[in-house]
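A.B. asks: Attaching a predicted model along with its sequence, questions to come.
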Amino acid sequence: MTPENGFKIIKEQLYTQCSAYVNQCIVNIQTAIDASNESRNNETKSSAGDKHETGRAMIQIEQEQYAKQRVKALEVKKMFDKINPLQNSKNVALGSLVITNKGDFYISISAGKITIENKNYYAISQASPFGLKLFGAKKNQQINFNNQVYRILDVV
């Protein structure tokens, strides 16, 4: 197997893990929304007076926060769904696996460190500060970020 083929397999695995990550985030938020709805319904049945109104107001604030998180997570998923894990580019783009002298980065979503075959990769958003620096760069290009020089060894 050539190194390029190996990177393509790793890129597909990174895509799969990031997809699972974003889907799990949406499930977790929906579970919290459901629990909050149940709590609100129980609050309606059990209390009266000022205590009741305070509890309902707190639950309403919580539900609004969950709704915002859900919208944000769905936006991330919509952006992530644009990635074609089989597509390659000579320039760093959404979906690229960027091999550097200081680490390997998957330009997708902010999912953090992902370990595949005992090697660490970092899933970062193209909108993150480092993602913005990398975006559009090419193999053998150097990127200065946080007083460090990253040399791009390969873009898959």
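C.D. replies: Perfect, thanks for sending it.
A.B. asks: which regions of this protein sit below the pLDDT cut-off?
C.D. replies: By pLDDT under 70, the low-scoring segments of the chain are 1-4, 43-53.
A.B. asks: Which elements pack onto the helix ranked longest in it?
C.D. replies: Longest helix in the chain by number of residues (criterion: DSSP state H): helix 3-46. Helix 3-46 sits against helix 49-80, strand 97-100, strand 103-108, strand 112-116, strand 119-125, with contacts defined as 3 or more CB pairs under 8 Å, 6 or more residues apart in numbering; DSSP states H and E. C-betas here are computed from N, CA, C, even on glycine.
A.B. asks: What is the third one packed up against?
C.D. replies: In this case it means strand 103-108. Against strand 103-108 (3+ CB pairs under 8 Å, 6+ apart) you get helix 3-46, strand 97-100, strand 119-125, helix 129-134.
A.B. asks: Pull up the pairing partners for the second one, direction included.
C.D. replies: Yep, that's strand 97-100 we're talking about. strand 103-108 (antiparallel), strand 148-155 (antiparallel) (DSSP bridges).
A.B. asks: CA atoms only for it, dumped as PDB, please.
C.D. replies: Extracted in PDB, the C-alpha atoms of strand 97-100 (Å, rounded to 0.1, in the frame of the first residue of the first chain):
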ATOM      1  CA  LEU A  97      -6.000  15.800   5.700                       C
ATOM      2  CA  VAL A  98      -2.900  18.000   6.300                       C
ATOM      3  CA  ILE A  99       0.300  16.300   7.200                       C
ATOM      4  CA  THR A 100       2.800  18.700   8.900                       C
END
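A.B. asks: what sits up against it?
C.D. replies: Strand 97-100 has contacts (CB atoms under 8 Å, 6 or more residues apart in numbering) with 7, 10-11, 14, 92, 104-107, 121, 134, 137, 143, 150-156.
A.B. asks: If you drop the residues flanking it in sequence, what lies closest to Lys138?
C.D. replies: Among residues not flanking Lys138 along the chain, Asn91 sits closest, at 5.5 Å (CB to CB, 6 or more residues apart in numbering).
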